[in-house]
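*Asks:* Sequence and predicted structure, then a few things I'm wondering about:
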Amino acid sequence: MAPISLADTVHAVTTTVESTLAPLANGAIAQQPVDPTAARRPAESVQVESPNLTYTDEALLARYTFHSTSVDKQVDGQGHVKYHARPVERQLEFKTGRKVPKTGLMLVGLGGNNGTTLAATVLANRHNISWGTRDGIQTPNYLGSLIRASTMRLGVDAAGEDVFVPISDVLPMVHPNDLVIGGWDISGMPLDKAARRAKVLEYDLQRQLEPLLKEYTPLPSIYYPTFINANQEERADNVIPGSDKQAHLEQVRRDIRDFKAKNDLDQVIVLWTANTERYSRLLDGVNDTADNLLDAIRSSHDEVSPSTVFAVACILEGVPFVNGSPQNTFVPGAIELAERHMAFIAGDDFKSGQTKVKSVLAEYLVNAGIKPLLIASYNHLGNNDGKNLSAPEQFRSKEISKASVVDDMVESNSLLYKPLAKRTADSKDGFVKGHATEHPDHCVVIKYMEQCGDDKKALDDYTSEIGMGGRNTLSIYNTCQDSLLATPLIIDLCLLAELMTRVTYREESTQAGEYEPLYSVLGLLSYMLKAPLTKPGRKPINSLNRQRQALEAFLRACLALQPVSDLVSFTQMNVSQV
Ligand SMILES: NC(=O)c1ccc[n+]([C@@H]2O[C@H](COP(=O)([O-])OP(=O)(O)OC[C@H]3O[C@@H](n4cnc5c(N)ncnc54)[C@H](O)[C@@H]3O)[C@@H](O)[C@H]2O)c1
């Protein structure tokens, strides 16, 4: 077997190592063809010919008519509802920067299962390292990434056939192979050893990646023991000293700036994939406003969590921050601070497995006129995430983030679920809002079982009412490597967050005005997130279909293209589409 030549740059976390590695001596597999999900294709392969799209050297300038329907609902004296609908049009302009920046991805929790799997995935793809398994040779890829491994319908060709295009090719986007990876962890283990500890990757891949991964050592991180399970203490050998939270904030800001400078980066995205923390208590005068939160950090208040310090550091540095865990990192003061600085934030909690299926199934059932009566979800897993979640306070964070995923579906169908005369009470700890309509019984159980390792097992029972009092039960059993599902989501979140920093917009009626950045809370990232963070006062939309459609509509709007319509595809009217 031919050795692999690793003539590429390795970016260390603490120092930049611009080294060319010698070919691996330990029996690597001959180079295989690059997987289509990792292949590089010419930039801007989608070219739009339209008077509404202008290509300048720097930007794509799109003029776009946004169509909406305004509805006024009135109830007459007999309780009958009348809906008055009125079409609305808004003229928008989008400006998308064409230059793809050199981008760094800094992970909080770099040494964990997700962190090491992400680093390994990017390195294996960048160097096209294949590995032997008992089934044969496995090549690296980005399967599971919406951006890299899925397509969207662009339109129809002259023969009336649908034309699909990889999502990664619709607008200029970062290639994940080019991401410069770095980050923090309270465990200082270099990533070659940390990847072995994680037990996610096949042995032959771990072995081949060792010379690359050992160049990465996590930066010391913030450790406040009361926020994560006490059983994590033995890992915490790499912490920023002291208990001064303001000093911690400044250290994280310095780390981001240093990483950017040392690696000559144009952009950095920071993503929390560290342990799930307990919820921070919401206290007036502490985390309720931006100024109070900054004061609370200055006075090292107990209720400021490590993840909130990271979020604030990123907001002040103007780099997007994504929370991949369920805790309430984005306390009201953090959201206000992001708005004030027009910085980008997104969260919460990667939507990798059970919840993704749940959002799809709930949507299918409710939209089919079938009434879910109970949804029971059991999980057992044996990785360090499971170990951390075995304490009630950390589990509670996960339970809350998994709780509300069916709410909007249930509330969308008043034929199945009756509005309640009185809203049900909030949860005892105040973090789950009660329901305004009847609701299916819904419970989530998570158990730590060490022998499961990273193979999470999820069992779900969906029992629904069907016609004439019948019952329909769906039993789902899902087993998967948790981190191999989460890694592509991290890539998508990073690529999309970066893209969003390059898109600005304005309404045509205010054409004299400047283009504005998108709103601070990046709701368009909801597809990858279990409990999508929204503008205060707005409800999250959990429908996976709508989340994807929104993303497609946004990408198309940046190219001055309307959302695709199936009006003709299904009616087969005698109307030409080309
Ligand atoms: N499918 C998935 O893997 C999935 C899905 C949804 C959410 N999540 C969430 O992602 C997170 C990471 O999952 P994982 O499987 O990689 O867990 P993990 O326990 O393997 O990794 C977490 C890492 O974070 C480190 N850490 C803890 N506190 C830290 C801090 N304050 N600063 C820096 N590092 C810190 C730990 O040392 C550990 O290395 C968890 O919160 C998990 O709930 C994972």
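*Replies:* Thanks, I have the structure now.

*Asks:* Get me the contact residues on the stretch 301-450 of the chain for the ligand.
*Replies:* Residues of the stretch 301-450 of the chain found near the ligand (CB under 6 Å from any ligand atom) are P306, G324, S325, D349, F350, S352, N383, N384, D385, N388. Backbone N, C-alpha and C define where each C-beta goes, glycine included.

*Asks:* 5 Å instead?
*Replies:* By CB under 5 Å from any ligand atom, the residues of the stretch 301-450 of the chain that approach the ligand are P306, G324, S325, F350, S352, N384, D385.

*Asks:* next one: the stretch 101-250 of the chain
*Replies:* V108, G109, G111, G112, N113, N114, W184, D185, I186, S187, S221, R235.

*Asks:* still on that earlier bit, could you work out the most separated pair of the residues of the stretch 301-450 of the chain next to the ligand?
*Replies:* Within those, two members stand farthest from each other by CB to CB: P306 and S352, at 22.4 Å.

*Asks:* so what's L265 closest to, chain neighbours aside?
*Replies:* G104 (4.5 Å; CB to CB, 6 or more residues apart in numbering).

*Asks:* in its sheet, what does the strand or helix carrying that neighbour sit against?
*Replies:* With secondary structure defined by DSSP states H and E, G104 is part of strand 103-108. With DSSP bridges as the test, strand 103-108 is paired with strand 180-184 (parallel), strand 267-272 (parallel).

*Asks:* Put together a markdown table for those strands, with mean neighbour count and mean pLDDT on each row.
*Replies:* A markdown table is the format used below for these (neighbours: other CB atoms under 10 Å; pLDDT from 0 to 100):
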| stretch | mean neighbour count | mean pLDDT |
| --- | --- | --- |
| strand 180-184 | 26 | 98 |
| strand 267-272 | 26 | 98 |
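
*Asks:* mind giving me JSON lines with those strands and columns for distance to F310?
*Replies:* What follows is these, written out as JSON lines (distance: least, CB to CB, whole Å):
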{"stretch": "strand 180-184", "distance to F310": "8"}
{"stretch": "strand 267-272", "distance to F310": "6"}
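
*Asks:* Show me the one of the ones you listed that comes nearest L474.
*Replies:* Evaluated over the strands paired with strand 103-108, closeness to L474 peaks at strand 267-272, with 33.2 Å, by CB to CB.

*Asks:* residues near the residue in the chain positioned nearest to the ligand, how many?
*Replies:* When distances are taken as CB to the nearest ligand atom, the chain reaches nearest to the ligand at G112, 1.8 Å away. As a burial measure, G112 scores 27 neighbours (other CB atoms under 10 Å).

*Asks:* Next, the contact list for it, please.
*Replies:* G112 is in contact with D185, A194, A198, T273, A274, N275, N384, D385, counting by CB atoms under 8 Å, 6 or more residues apart in numbering.

*Asks:* Kindly recompute the last result at 10 Å.
*Replies:* For G112, the contact set (CB atoms under 10 Å, 6 or more residues apart in numbering) comprises 118, 185-187, 194, 197-198, 218, 235, 273-275, 383-385, 388, 483.

*Asks:* Ok, D385 next?
*Replies:* The contact partners of D385, taken as CB under 10 Å, 6+ apart, are 109, 112-114, 273, 275-276, 325, 394, 398, 446, 448, 454, 456, 482-483, 486.

*Asks:* tell me the phi and psi of it?
*Replies:* phi -60, psi -50 (degrees, to the nearest 10).

*Asks:* Could you do T479 as well?
*Replies:* Per degrees, to the nearest 10, the backbone of T479 is at phi -130, psi 140.

*Asks:* Also F164?
*Replies:* Backbone torsions of F164, given as degrees, to the nearest 10, read phi -110, psi 150.

*Asks:* Just give the nearest non-adjacent residue to it, would you?
*Replies:* T151 (4.0 Å).

*Asks:* what pairs with the one you found across the strands?
*Replies:* Using DSSP bridges, the beta-bridge partners of T151 come out as P166.

*Asks:* got a list of what A425 touches?
*Replies:* V432, K433, G434, H435.

*Asks:* pLDDT and distance to T571 added to the residues you listed, as JSON lines?
*Replies:* Output for the contacts of A425, formatted as JSON lines (pLDDT from 0 to 100; distance: CB to CB, whole Å):
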{"residue": "V432", "pLDDT": "81", "distance to T571": "44"}
{"residue": "K433", "pLDDT": "79", "distance to T571": "42"}
{"residue": "G434", "pLDDT": "83", "distance to T571": "43"}
{"residue": "H435", "pLDDT": "86", "distance to T571": "39"}
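
*Asks:* Can you say which of those are buried?
*Replies:* For the contacts of A425, a burial check counting by 16 or more other CB atoms under 10 Å picks out V432, H435.

*Asks:* hang on, the earlier thing: more neighbours: which of P306 and S352?
*Replies:* The neighbour count for P306 versus S352, taken as other CB under 10 Å, is higher for P306 (27 against 23).

*Asks:* isn't the more buried one right up against V252?
*Replies:* Yes. In this structure, P306 is within contact of V252 by CB atoms under 10 Å, at 9.4 Å.

*Asks:* Now the common contact residues for those two.
*Replies:* What both P306 and V252 touch, as defined by CB under 10 Å, 6+ apart, is the set V108, W184, S221, I222, I240.

*Asks:* G144 reaches K351, doesn't it?
*Replies:* No. The pair G144 / K351 is not scored as a contact, 12.0 Å apart, by CB under 10 Å.

*Asks:* Identify the contacts common to those two.
*Replies:* Each of L485, A486, L489 lies in contact with both G144 and K351 under the rule CB under 10 Å, 6+ apart.

*Asks:* Report the secondary structure state of V163.
*Replies:* The three-state label given to V163 by DSSP: H, G, I helix; E, B strand; the rest coil is strand.

*Asks:* just checking, it touches S45?
*Replies:* No. In this structure, V163 is not within contact of S45 by CB under 10 Å, at 11.9 Å.

*Asks:* what about the helices in the stretch 1-150 of the chain?
*Replies:* Remark: helices assigned in the stretch 1-150 of the chain by DSSP state H, counting those that start in this stretch are 113-126, 146-149.

*Asks:* And the stretch 451-578 of the chain, by the same measure?
*Replies:* Ranges of helices within the stretch 451-578 of the chain are 482-501, 544-557, 567-571, based on DSSP H, counting those that start in this stretch.

*Asks:* Now R235. Nearest residue, chain neighbours left out?
*Replies:* Spatially, and ignoring its direct neighbours in sequence, R235 is nearest to S187 (4.1 Å; CB to CB, 6+ apart).

*Asks:* and that neighbour, helix, strand or coil?
*Replies:* S187 ends up coil, using three-state DSSP.

*Asks:* on that earlier part again, let me have the helices of the stretch 451-578 of the chain in JSON lines, extended by mean pLDDT.
*Replies:* Listed next are the helices of the stretch 451-578 of the chain as JSON lines, based on pLDDT from 0 to 100:
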{"stretch": "helix 482-501", "mean pLDDT": "97"}
{"stretch": "helix 544-557", "mean pLDDT": "97"}
{"stretch": "helix 567-571", "mean pLDDT": "91"}
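
*Asks:* Kindly compare burial across the ones you listed and name the winner.
*Replies:* Mean neighbours per residue, mean count of other CB atoms under 10 Å, is largest over the helices of the stretch 451-578 of the chain for helix 482-501, with a mean of 25.

*Asks:* tell me which residues in stretch 295-313 are buried?
*Replies:* Buried residues in stretch 295-313, counted by 16+ other CB under 10 Å: 296-297, 301, 303-313.

*Asks:* among those residues, which two are most distant?
*Replies:* The largest separation in the buried residues of stretch 295-313, counting by CB to CB, is between E303 and A313 at 17.4 Å.
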